[in-house]
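Q: Generate coordinates for the sequence data below:
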Amino acid sequence: MKHLITLLLLAVSFKSNATLLEAKPLTLLEAKPLTDLINTIHQTEFKFIEIGKSFGFNTTKSCLHASADMVVLKNYCFPKKEYPAKGYTIISPKFGIVELYQEQMSATIQKRDVHYSVFSEELREVVDGDVSALKIADTNKVIEYFYKKQPAACWSSNWSYYTNKPDVACNQRAVDVVGFEEWAKETQEINGNEVLWKELIYNLEEKFKD
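A: Below is the predicted model:
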């Protein structure tokens with residue numbers, strides 16, 4: 001692992017003379033295609049690392065699978081039983097932090113979400129290089145760090161709590177995200193199609209059997 005900033009060198013050094021500070025160019029954020037991420041996952045060999053509680057989960061545990069290029073948290077994996085929800089958290093210096101989530105809200109409504117929680121351009125400031133040594137304690141620190149930072153993020157859902165209909169948007173920090181329109185169209189087509197979504201989740205379940 002190139003660096004997991006010792007969480008993360010949060011005491012940033014500032015030059016004492018404000019006149020010497022140089023303005024940094026704005027970093028363009030890119031929403032990389034979901035299909036590219038999923039294809040990369042299926043082409044990658046992962047090693048099961050451990051089971052533990054992920055940040056934000058109080059009653060269930062997650063299973064961590066790792067490769068050199070990304071780690072995947074399979075949430076709701078322990079205790080082993082059928083849950084109304086399924087979820088995956090993918091942490092990748094190339095793709096960022098992407099969350100896939102489904103929950104059976106009622107007999108007729110299944111909520112299906114794709115969440116770009118952290119773009120790769122921001123994640124690489126904290127995690128870069130080989131990530132195969134990350135444990136759940138490490139991923140918790142990373143997720144908590146960005147949870148508190150509230151970075152740029154985008155989401156796509158087939159069903160919103162607020163409107164009871166599909167929703168795709170970004171927060172105010174995600175301005176002019178490169179590829180957003182394509183990502184929005186792609187994710188809405190996938191999570192809006194029960195067959196396509198079911199296939200996506202089934203293949204992930206087969207990939208990450210515990």
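
Q: quick one: the closest residue to Pro84 other than its chain neighbours from Ser160, how far?
A: In space, and not counting its chain neighbours, Pro84 is closest to Gln104: 4.6 Å by C-beta to C-beta, 6 or more residues apart in numbering. Backbone N, C-alpha and C define where each C-beta goes, glycine included. Separation of Gln104 from Ser160 (C-beta to C-beta, to the nearest Å): 16 Å.

Q: Same check on Val126?
A: Counting by C-beta to C-beta, the gap from Val126 to Ser160 is 30 Å.

Q: So which of these two has more stuff around it?
A: Using other C-beta atoms under 10 Å as the criterion, Val126 and Ser160 rank with Val126 on top: 19 against 15.

Q: so where's this protein uncertain?
A: For the chain, applying pLDDT under 70 flags the ranges 1-26.

Q: all helices for it, in order.
A: Assignment of helices within the chain using DSSP state H yields the ranges 34-43, 120-123, 136-149, 180-191, 194-207.

Q: beta partners of the residue nearest to Val72 when sequence neighbours are not counted?
A: Take Val72 and drop its neighbours on the chain: the residue closest to it by C-beta to C-beta, 6+ apart is His65, 4.8 Å away. Per DSSP bridges, the residues bridged to His65 are Phe48, Val72.

Q: how close does His65 get to Phe208?
A: Note on His65: its distance to Phe208, by C-beta to C-beta, is 5 Å.

Q: Settle it for me: which of those two has more neighbours?
A: Set His65 next to Phe208 and count neighbours by other C-beta under 10 Å: His65 wins out with 21 against 18.

Q: Wait, that one touches Val71, no?
A: Yes. Assessed by C-beta atoms under 8 Å, His65 is found in contact with Val71 at 6.8 Å.

Q: what residues do the two have in common as contacts?
A: In terms of C-beta atoms under 8 Å, 6 or more residues apart in numbering, His65 and Val71 are both contacted by the residues Ile49.

Q: still on that earlier bit, indicate which one of the helices of the chain is closest to Leu100.
A: Distances from Leu100 to each of the helices of the chain were compared using C-beta to C-beta; the minimum, 7.5 Å, belongs to helix 194-207.
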